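Engineer: Provided below for reference: sequence and predicted model.
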Amino acid sequence: MTGPLMDRASLHPAGSRWITLWNGKQALGWDLHGTPVFKFRWAPAGLATRRQLRAMRMCPGGQEPYAVLVWRHGQRWAWLYRLDLARPSRVASPAQLNALDKAMEARRRCQLCGRVCDYCIPTSDGRCDLCITAATYTTAA
């Protein structure tokens, strides 16, 4: 999401108009090449971003974005999806969850001492903080 989506003139409140939505209701926004655009806090009910869908344990379900949400004078934007077309997210199987647990444990295991830390070990070094600290003190002495 780099660069402005629209120029500043298209974000001016004088450019807003009533847009008829898919459900027959109207909302105040803009039209950008056939796509409705709404300012922050102006998006109508029934639309959600990907993060909002994920928080509701849903996904877009293959639908195209319906509208765009813009803020910070067009410098930031997000796609909006219709809630009535969204689908529930798939639930991971026990085997998938087990594989993810093993992968996360491998990311937290120190390659030098074999201890499992409560944080991810940097892949550039492969050592935990204790091993790095111990190596620093032994080389300095």
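Structural biologist: That came in fine, so what should we check first?

Engineer: Contacts for stretch 30-47, please.
Structural biologist: With contact meaning C-beta atoms under 8 Å, 6 or more residues apart in numbering, stretch 30-47 is reached by 5-6, 10-11, 15-17, 19, 21, 23, 25, 27-29, 65-71, 80-84. Quick note: C-beta positions are derived from backbone N, CA and C, even for glycine.

Engineer: Now do the same contact list for the residue lying closest to C128 once chain neighbours are set aside.
Structural biologist: Excluding the flanking residues, the one nearest C128 by C-beta to C-beta, 6 or more residues apart in numbering is C110, at 3.9 Å. If you count contacts by C-beta under 8 Å, 6+ apart, C110 has them with V116, C117, I121, G126, R127, C128, L130, C131.

Engineer: Can you tell me the closest non-neighbouring residue to the fourth one?
Structural biologist: Right, the one you point to is G126. In space, G126 comes closest to Q111 once its chain neighbours are excluded; the distance is 3.9 Å by C-beta to C-beta, 6+ apart.

Engineer: Alright, that wraps it up for me.
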